[in-house]
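Visitor: Fold the following for me, if possible:
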Amino acid sequence: MAKVTLNQDLKREREKGTFDIEELTNLLDGGRIKTQERRELVEFFSKDPAFKDEVPPEYLSYVDRYEESVRKSCLMFYKINEWMDHKKAGGSVDLYQALLGGMLGSAVLKDGMPFALHYVMFVPTLMGQGTMDQQAYWIGRAWNCSIMGTYAQTELGHGTFIRGLETTATYDPTTEEFVLNSPTLTSYKWWPGGLGHTANYAIVLAQLYTKGVCYGIHPFIVQLRDEETHLPLKGIKIGEIGCKLGMNGTNQGFLGFDKVRIPRDYMLMKNSQVHADGTYVKSASDKLTYGTMIFVRVALIRGVAASYLAKAVTVATRYSAVRHQSELIPGEGEPIIMEYLTQQYKLLPNIAASIGMMFASQWLWDMYNNVTSELEQGDIERLPELHAISCCLKAVSTADAARGIEECRKACGGHGYMTCSSFPITYGMVTAAETYEGENTVLLLQTARYLLKAYSMAKGGNPMPPTVKYLSQSNPMRVPWSNTVTSLIGAYRQVAHGLISETYEKVERLVASGTPSELAANHHSIQLVQCAEAHCRLFLVEKYFEAVKIAKVSQQLRKVLNELSMLYGVYYLLKDLGLFLSYSNVRVSDVATIEEWQNSLLAALRPNAVSIVDSFDISDEILSSPLGAYDGNVYQRLMDEAMKSPLNKQPVNASFEKYLKPFLKSNM
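Guide: Reported below is the predicted structural model:
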């Protein structure tokens with residue numbers, strides 16, 4: 001591309017900013033040192049010419065795209081070793097989250113990585129559910145990638161309903177082996193990343209049978225392919241599931257077993273054991289097996305939902321500062337589209353949402369680590385609360401991100417429809433997260449079940465965990481609405497409390513009339529989903545305001561953060577206005593005032609829009625979009641991308657002589 005200079009419209013927008021961009025960057029990263037470390041990491045990996053695409057991935061064949069993703073994955077982990085040698089340190093969680101998440105990892109492998117589940121699920125499961133002896137043997141092999149693993153749970157006929165999985169692992173005490181079998185087509189494992197042709201080992205979730213009794217789902221280490229030839233082992237039926245909306249570099253696969261035998265100690269036995277004679281020893285809690293899934297859900301909120309939404313709003317906001325369209329005032333020329341209130345409404349709430357997700361995810365990550373430490377001591381008291389909040393936050397965050405990315409795409413007009421804009425691939429990656437690691441509606445229903453139990457406990461006067469403490473408080477009497485943070489938080493609390501208490505009473509009335517509790521819950525399942533969403537939205541709003549309150553920042557930045565947090569709360573209040581009119585202090589007569597509050601927040605944030613997305617500090621390599629590059633030279637970059645099309649390598653395509661010319665001549 002020819003040498004370019006900074007777009008003047010974008011330059012003027014940056015000059016309007018009222019706060020120190022670097023200060024917000026440091027806050028979002030967790031400190032100045034964290035920012036420095038992240039930038040070093042980005043420079044080391046994304047700037048390496050070995051990762052550059054000679055041909056954009058969308059022009060490669062399906063097979064070529066997979067092979068290129070394997071090449072880059074291997075290269076990435078060679079680079080990880082270089083990085084660790086350079087830093088004289090081991091691999092950290094932050095390092096692998098950066099490389100496998102929606103930021104740095106997407107700069108190298110835009111459409112997913114076949115090694116991802118090895119580090120995201122295979123290794124964490126070994127660490128969380130293996131005995132000390134099992135960890136000593138397997139983690140060393142897994143950590144240095146002398147074996148490549150995946151996590152095989154979902155089946156062709158069963159997904160989120162774990163207890164319904166059909167794969168069996170039957171213990172044979174005569175040989176001290178488990179026999180794995182896939183009794184039906186629907187019992188084939190389906191979807192695990194890297195399973196198709198990449199992994200040679202898997203942690204397989206199967207129904208454990210011993211002494212004629214089924215003890216439910218347990219994890220087993222299973223070798224899938226020969227370590228030398230990579231050929232499938234005897235009894236292993238394995239392959240790739242085909243092209244998808246997104247994540248086509250991830251190599252998702254299927255897996256079936258035909259009486260495959262594995263040693264007894266290939267069952268991960270930290271929590272439950274099967275002795276040599278077949279005696280089963282139960283774990284303290286059957287919920288301990290689900291620790292890996294909770295870890296992934298927690299990681300998804302920042303690593304996928306918040307990160308990809310931040311990328312989308314960065315692209316759309318910078319584009320909106322460059323693109324001129326129509327005439328706002330006749331005769332005064334075409335303004336940049338950021339001047340239109342409707343454009344601000346599309347972008348600024350999504351900017352606010354991405355930052356809100358970052359704050360909430362940090363709180364949840366801290367809680368996850370605390371609860372994990374407690375589990376190591378045998379304390380499982382806070383596990384249900386962690387499970388409930390991680391379920392609904394994963395569901396709401398991924399749904400918000402997917403909607404937000406699509407709004408950002410449409411905010412860029414026709415250019416947003418281009419593959420090179422990065423919106424299609426970004427949307428494909430995020431909408432996938434709405435279904436994997438628990439389909440969102442099912443997760444919300446799991447949270448709702450917890451909320452009904454919590455409300456019952458609250459009615460009984462029991463002490464309540466922090467995230468549901470508000471259920472112990474009687475819903476306050478309605479008082480006049482005011483455009484204040486106190487009123488806003490109170491309204492969200494009223495909606496969540498009101499929905500949960502009302503739905504609880506409805507379910508209880510059905511049960512009292514003789515309806516089984518499961519059918520009573522199903523009858524009110526739409527309301528139960530609303531309960532979980534309202535609970536989660538309250539959590540997000542509260543954590544947003546808490547994070548801003550405790551942040552050690554300048555007054556200029558605090559003002560912007562306060563405006564963002566208020567915009568987030570007001571935006572979703574108006575989106576769910578019916579619920580707030582039904583359960584909170586908001587009255588119909590207050591709506592116009594609240595709408596004006598929203599407009600005033602949009603106006604206040606408008607001058608800082610570009611500065612805020614600049615604070616995300618996302619490099620051009622990570623954005624990978626001509627619409628969102630830092631220099632703002634959209635049109636030259638779009639033309640450069642167009643010239644990469646293989647169809648532009650020749651002035652006349654071969655199809656002219658083969659088909660088009662004969663067709664045209666036949667009509668003369």
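Visitor: Which secondary structure state does Pro219 sit in?
Guide: strand (DSSP: H, G, I helix; E, B strand; the rest coil).
Visitor: pLDDT weak spots in the stretch 101-250 of the chain?
Guide: Low-confidence segments of the stretch 101-250 of the chain, defined by pLDDT under 70: 102.
Visitor: Spell out, range by range, the strands that occur in it.
Guide: Here the stretch 101-250 of the chain has its strands, by DSSP state E, counting those that start in this stretch, at 149-152, 168-172, 177-181, 189-190, 201-210, 213-223, 236-240.
Visitor: now for the fourth one, which elements pack on it?
Guide: So that's strand 189-190. Under the contact criterion of 3 or more C-beta pairs under 8 Å, 6 or more residues apart in numbering; DSSP states H and E, strand 189-190 touches strand 253-257. Backbone N, C-alpha and C define where each C-beta goes, glycine included.
Visitor: what are the ranges of the helices in the stretch 101-250 of the chain?
Guide: 104-108, 116-117, 123-129, 132-143 (DSSP state H, counting those that start in this stretch).
Visitor: neighbouring contacts of the second one?
Guide: When contacts are taken as C-beta atoms under 8 Å, 6 or more residues apart in numbering, the neighbours of helix 116-117 outside the stretch itself are Leu100, Gly105, Gly149, Thr150, Tyr151, Pro192, Gly193, Gly194, Ala199, Thr250.
Visitor: Which of those sits closest to Lys16?
Guide: Gly105 (32.8 Å; C-beta to C-beta).
Visitor: Name the nearest residue to that closest one, sequence neighbours excluded.
Guide: In this structure, Gly105 finds its nearest non-sequential neighbour in Leu99, 4.9 Å apart by C-beta to C-beta, 6 or more residues apart in numbering.
Visitor: is it true that that neighbour touches Met76?
Guide: Yes: contact criterion C-beta atoms under 8 Å: Leu99 and Met76 qualify, at 6.5 Å.
Visitor: Tabulate the strands of the stretch 101-250 of the chain in a markdown table, adding columns for mean neighbour count.
Guide: Shown next, in a markdown table, are those (neighbours: other C-beta atoms under 10 Å):
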| stretch | mean neighbour count |
| --- | --- |
| strand 149-152 | 30 |
| strand 168-172 | 20 |
| strand 177-181 | 21 |
| strand 189-190 | 24 |
| strand 201-210 | 23 |
| strand 213-223 | 19 |
| strand 236-240 | 16 |
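Visitor: Format those as a markdown table; extra columns: distance to Ser584.
Guide: As requested, the strands of the stretch 101-250 of the chain are arranged in a markdown table below (distance: least, C-beta to C-beta, whole Å):
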| stretch | distance to Ser584 |
| --- | --- |
| strand 149-152 | 42 |
| strand 168-172 | 51 |
| strand 177-181 | 53 |
| strand 189-190 | 44 |
| strand 201-210 | 43 |
| strand 213-223 | 42 |
| strand 236-240 | 50 |
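Visitor: Identify whichever of those strands lies nearest to Pro263.
Guide: Across the strands of the stretch 101-250 of the chain, closest to Pro263 is strand 177-181 (C-beta to C-beta), at 6.1 Å.
Visitor: Confidence-wise, which helix or strand of the chain is lowest on average?
Guide: Ranked by mean pLDDT, DSSP states H and E, the weakest helix or strand in the chain is helix 93-100, scoring a mean of 70.
Visitor: Let's verify the closest residue to Ser615 other than its chain neighbours: helix, strand, or coil?
Guide: Distances taken as C-beta to C-beta, 6+ apart place Leu24 nearest to Ser615, at 3.8 Å, with adjacent residues excluded. When classified by three-state DSSP, Leu24 comes out as helix.
Visitor: Show me what secondary structure element comes after the helix or strand that contains Leu510.
Guide: Element membership for Leu510, per DSSP states H and E: helix 485-512. Per DSSP H and E, the first helix or strand lying C-terminal to helix 485-512 is helix 517-523.
Visitor: Could you pull up the mean pLDDT of that next one?
Guide: Across helix 517-523, pLDDT averages out at 96.
Visitor: any weak-confidence spans in the chain?
Guide: In the chain (pLDDT under 70), the answer is 1-4, 88-94, 97, 102, 284-292, 475-478.
Visitor: Quick one: the helices in the stretch 551-668 of the chain, in order.
Guide: Counting by DSSP H, counting those that start in this stretch, the helices of the stretch 551-668 of the chain are 555-575, 577-583, 591-605, 609-615, 620-623, 634-642, 654-655, 661-666.
Visitor: hmm, who's touching the third one?
Guide: Think helix 591-605. 341, 344-345, 348, 351, 481, 483, 560, 563-564, 566-567, 570-571, 573-574, 577, 586, 612.
Visitor: repeat that for 10 Å
Guide: 18, 341, 343-345, 347-349, 351-352, 481-484, 487-488, 491, 559-560, 562-571, 573-574, 577, 580-581, 586-587, 590, 609, 612 (C-beta atoms under 10 Å, 6 or more residues apart in numbering).
Visitor: on that earlier part again, turn the helices of the stretch 551-668 of the chain into TSV, columns for distance to Leu510 and mean neighbour count.
Guide: Formatted as TSV, the helices of the stretch 551-668 of the chain follow (distance: least, C-beta to C-beta, whole Å; neighbours: other C-beta atoms under 10 Å):
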stretch	distance to Leu510	mean neighbour count
helix 555-575	30	20
helix 577-583	21	17
helix 591-605	34	17
helix 609-615	48	24
helix 620-623	51	20
helix 634-642	57	16
helix 654-655	65	9
helix 661-666	67	10
